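> have a look at this prediction, sequence included:
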Amino acid sequence: MKRLSIIIPCYNEEDTIPLFFASVEKIGKTMPVELEYCFVNDGSNDQTLSVLRDLHKNYPAKVHYLDFSRNFGKEAALYAGLKEATGDYVVIMDADLQDPPELLPEMLRLVEEEDYDCVGTRRDDREGEPKIRSFFAKLFYKIINRISSTQLIEGARDYRLMTGKMVAAVLEVTEYNRFSKGILSWVGFKTTYLSYKNRARVAGESSWSFWSLFKYSLEAIVNFSEAPLAIASFIGFFSCLAAILGLFVIVIRTIFYGDPTSGWPSMVCILLLIGGLQLFCLGIVGRYIGKIFLETKNRPLYIVKEKDKE
Ligand code: UDP
Ligand code: MG
């Protein structure tokens, strides 16, 4: 029988894990595969670790866990999980049951019978989400798909089932600044998407605030596009052009009409504008240098403190 590994990044999920396990087990029984769970405890501050320890005690062959030495973020947790997974197929799921396990049989069928390497999922609505958040999410996808050659599907979740081959490819991408949605699209492979209605968390709280999502989208842009760098040089080019034109105008005006010394306030405004643009562009360059800095340090993506199988 083929094996399916489920990777679950967990950050403060003590309440959701038992519910998650129960509902996935229920679906798993109906599927022609053997399940393996790889929970990754991403430095939770609650009882997540002891919940995982207990679960492992009850199902030693089936449930595995990793415990990080601190919170390294979902991206690192995903990478760690993919590395640990041993199944023929691997599926990434959130612990909060926002990723409906009912889709698993269909996802598996598509991979096994229809020759797909990867079946992703997307929410076809954003119900129960603040309007302003949906608006910015839409805007983000528009921008990133225009400026990056790696296309992102709007509303795509991390919930996806992949073949071992694709997982190996994802693991080859060892960059420190990980943006999984981009990496999963970048590696290619034949992918299809299932849609489903958005649903709320079963328990606990989302760890994403509006601000953290905003920062996350900037990360995505810097990681998968060089367009901002080009914007910086465009701005420079056009302000030079404007300055040269302005010079001409002033010189010609002085020749024909003399030079009444005025325009002090406009001068200050222009100075401020140019100074601001310079700092803005320097900032953009700085973001990229920051990324290079982190990348060259070659730090590990995560540190494991405790593991069930040693
Ligand atoms: N998560 C994690 N590390 C973090 C933040 C989140 O492993 O630093 C996990 C979390 O436990 C959950 C999944 O990532 O299983 C998705 O998180 P959440 O539900 O907060 O995000 P949302 O569904 O609101 O996008
Ligand atoms: Mg969630």
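Arrived safely. Ligands and ions are numbered 1, 2, ... in the order given.

> wait, what's in contact with the most centrally placed residue in the chain?
Nearest to the mean C-alpha position of the chain, counting by CA atoms, centre = their mean, stands residue 179 at 4.2 Å. When contacts are counted by CB atoms under 8 Å, 6 or more residues apart in numbering, residue 179 is found next to 75, 219-220, 223-224. All C-beta atoms are positioned from the backbone trio N, CA, C, and that covers glycine.

> next one: residue 230
Applying CB under 8 Å, 6+ apart, no residues qualify as near residue 230.

> quick check, pLDDT for it.
If you check residue 230, the pLDDT there is 84.

> can you check residue 76 too?
Residue 76 is given a pLDDT of 92.

> which SSE is it in?
helix 74-84 (DSSP states H and E).

> near ligand 1, which residues of the chain?
By CB under 6 Å from any ligand atom, the residues of the chain that approach ligand 1 are 9-11, 13, 42, 71, 73-74, 77, 94-96, 98, 206-208.

> buried subset of those?
9-11, 13, 42, 71, 73-74, 77, 94-96, 98 (16 or more other CB atoms under 10 Å).

> need the three-state assignment for residue 38.
Assigned by DSSP: H, G, I helix; E, B strand; the rest coil, the conformation of residue 38 is strand.

> wait, isn't it in contact with residue 87?
No: using CB atoms under 8 Å, residue 38 is not in contact with residue 87, being 9.0 Å away.

> follow-up on the earlier one: buried set for whatever helix or strand comes next after the helix holding residue 76?
Sequence order places strand 89-92 as the next helix or strand after helix 74-84, per DSSP H and E. Across strand 89-92, burial judged by 16+ other CB under 10 Å covers 89-92.

> save the residues you listed as a markdown table, and put in distance to residue 141 too.
Output for these, formatted as a markdown table (distance: CB to CB, whole Å):
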| residue | distance to residue 141 |
| --- | --- |
| 89 | 28 |
| 90 | 25 |
| 91 | 24 |
| 92 | 20 |
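
> rewinding a little: for the residue nearest to the centre of the chain, give its distance to residue 292.
16 Å (CB to CB, to the nearest Å).

> buried sites along the longest helix along the chain?
In the chain, taking DSSP state H as the definition, the longest helix is helix 264-297. Neighbour counts over helix 264-297 (16+ other CB under 10 Å) mark 281, 284, 291 as buried.

> name the nearest of those residues relative to ligand 2.
residue 291 (26.8 Å; CB to the ion).

> wait, that closest one sits on residue 222?
Yes: between residue 291 and residue 222 there is a contact at 6.0 Å, judged by CB under 8 Å.

> hmm, back to that, and which of the buried ones among the residues of the chain next to ligand 1 is nearest to residue 213?
Among those, residue 74 lies closest to residue 213 (CB to CB), at 12.5 Å.

> please consider this matter closed, and thank you.
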